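> I'll drop the sequence and a predicted model, then ask my questions.
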Amino acid sequence: MSEGSATLNEPSAGSRARTVEVINPGGAGAILLVCEHASNAIPAEFGDLGIGAATKASHAAWDPGALAVARHLSEMFDAPLVAQTVSRLVYDCNRPPDAGDAIPARSEIHEIPGNTGLGAAVRADRVERFYRPFERTLAQAVARHRATHANPVLLTIHSFTPIYAGERRSVEIGILHDSDRRLADAILDAADGSLDIRRNEPYGPADGVMHTLATHAVPHGMANAMIEIRNDLIDMPGDVVEIASRLGAWVSRAHASLPADAPKGAAL
């Protein structure tokens, strides 16, 4: 475990897998960052789920570049960052346990043999080992933020592939929201027009991608948004810094424009 981070291990898993990492856990900023698809790591016990190296490196297994951007934003805002440490092909922590694509047997053009035909007990084991620790850790972080900040914000960081199902995507940055659009509206207003930035693209609420926001932010009235970055814009370290800096400036202006409420004491 590196300095400035804390890692939660599944209680009975021994050394099999880390499940969630909190980067900058003592961050004092009002923004709480989440990166559910930070890693393409697959625990050895799953035998890479029967996929090849190309699939494991692809967007099917993770969001390339998203964690690097999230780390820069964490430094900019002194923000805690909650990150999933295993591939979303093992379990997608931005999906509820009853979602079919929480453990996908197919992702776009990629077949995932190790996820095909899983029984209820196997799926339940994945939920308990990989989703529940992430869910608990994020819920605790949200409670701390709500208790100590007048204007807490939950911001999730993702990336998307430039070509999906054979179709090229021209959108460069997506600002996604569900029923609470306050932060998304403010970010869109703050954007400087230098990139093709759109609301609820390339995904939206109908695509089932709002689980983290709907579970951990909306019920508490916590301003929130999901940022999607086309991953060809962040495939080099210098590009990551540039995009993170732009996003950081937009988010900073957006956050400053939100009315502050009294801290909401909550404990878990």
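Everything's here; your move.
> burial of residue 53, as a residue count?
8 (other Cβ atoms under 10 Å). For every residue, glycine as well, the C-beta is placed using N, CA and C.
> which strand or helix spans residue 90?
For residue 90, there is no enclosing helix or strand under DSSP states H and E.
> what number of residues lie near it?
Residue 90, neighbours per other Cβ under 10 Å, totals 26.
> separation between the closest residue to residue 209 other than its chain neighbours and residue 147?
Once flanking residues are discounted, residue 209 sits nearest to residue 203: 4.8 Å by Cβ to Cβ, 6 or more residues apart in numbering. Separation of residue 203 from residue 147 (Cβ to Cβ, to the nearest Å): 31 Å.
> got it, and residue 220?
Relative to residue 147, and taking Cβ to Cβ, residue 220 is found at 11 Å.
> quick check: phi and psi on the residue nearest to residue 209?
With angles defined as degrees, to the nearest 10, residue 203 sits at phi -130, psi 160.
> that one and residue 228 touch, don't they?
Yes: using Cβ atoms under 8 Å, residue 203 is in contact with residue 228, at 6.7 Å.
> between these two, what contacts are shared?
Residues touching both residue 203 and residue 228 by Cβ atoms under 8 Å, 6 or more residues apart in numbering: 160, 174, 176.
> which residues touch the last one?
I take that to be residue 176. Contacts of residue 176 by Cβ under 8 Å, 6+ apart are 184, 199-200, 203-204, 209-210, 225-228.
> quick one, which of the residues you listed are buried?
The neighbour count (16 or more other Cβ atoms under 10 Å) marks 184, 200, 203-204, 209-210, 225-228 as buried among the contacts of residue 176.
> could you dump these into CSV with secondary structure, pLDDT and distance to residue 236 added?
As requested, the buried ones among the contacts of residue 176 are exported to CSV (DSSP: H, G, I helix; E, B strand; the rest coil; pLDDT from 0 to 100; distance: Cβ to Cβ, whole Å):
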residue, secondary structure, pLDDT, distance to residue 236
184, helix, 98, 28
200, coil, 98, 28
203, coil, 93, 24
204, coil, 93, 29
209, coil, 96, 26
210, coil, 97, 30
225, strand, 98, 25
226, strand, 98, 24
227, strand, 99, 19
228, strand, 98, 19
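> for residue 237, state which of those residues is nearest.
residue 227 (19.1 Å; Cβ to Cβ).
> where do the helices sit along the stretch 1-150 of the chain?
Here the stretch 1-150 of the chain has its helices, by DSSP state H, counting those that start in this stretch, at 53-57, 66-77, 120-126, 132-148.
> tell me the mean pLDDT over stretch 135-155?
Mean pLDDT, computed over stretch 135-155, is 96.
> give me the buried positions along that stretch.
Buried residues in stretch 135-155, counted by 16+ other Cβ under 10 Å: 135, 137-138, 141-146, 149, 151-155.
> of all the residues you listed, which two lie farthest apart?
So, the buried residues of stretch 135-155 by Cβ to Cβ: farthest apart are 135 and 151, at 24.2 Å.
> I'd like the distance from the strand or helix carrying residue 238 to the chain centre, please.
Following DSSP H and E, one finds residue 238 within helix 237-257. Relative to its chain's centre, helix 237-257 lies at 17 Å (Cα atoms, centre = their mean, to the nearest Å).
> give me the buried stretch members for that helix, please.
For helix 237-257, by 16+ other Cβ under 10 Å, it's 239-240, 243-244, 246-248, 250-251, 254-255.
> check stretch 84-100 too.
Neighbour count says stretch 84-100 has 84-95 buried, by 16+ other Cβ under 10 Å.
> contacting residues for the closest residue to residue 88 other than its chain neighbours?
Excluding its sequence neighbours, the residue lying closest to residue 88 (Cβ to Cβ, 6+ apart) is residue 37, at 5.0 Å. Residue 37 makes contact with 62-63, 66, 84, 88, 92, 94, 158-159, according to Cβ under 8 Å, 6+ apart.
> which residue ranges of the chain form strands?
Remark: strands assigned in the chain by DSSP state E are 5-9, 18-23, 31-35, 81-84, 106-107, 110-111, 153-160, 163-164, 167-168, 173-176, 197-199, 223-230.
> now those in JSON lines, with distance to residue 121?
Putting these into JSON lines (distance: least, Cβ to Cβ, whole Å) gives the following:
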{"stretch": "strand 5-9", "distance to residue 121": "22"}
{"stretch": "strand 18-23", "distance to residue 121": "19"}
{"stretch": "strand 31-35", "distance to residue 121": "29"}
{"stretch": "strand 81-84", "distance to residue 121": "23"}
{"stretch": "strand 106-107", "distance to residue 121": "22"}
{"stretch": "strand 110-111", "distance to residue 121": "23"}
{"stretch": "strand 153-160", "distance to residue 121": "30"}
{"stretch": "strand 163-164", "distance to residue 121": "33"}
{"stretch": "strand 167-168", "distance to residue 121": "38"}
{"stretch": "strand 173-176", "distance to residue 121": "34"}
{"stretch": "strand 197-199", "distance to residue 121": "41"}
{"stretch": "strand 223-230", "distance to residue 121": "32"}
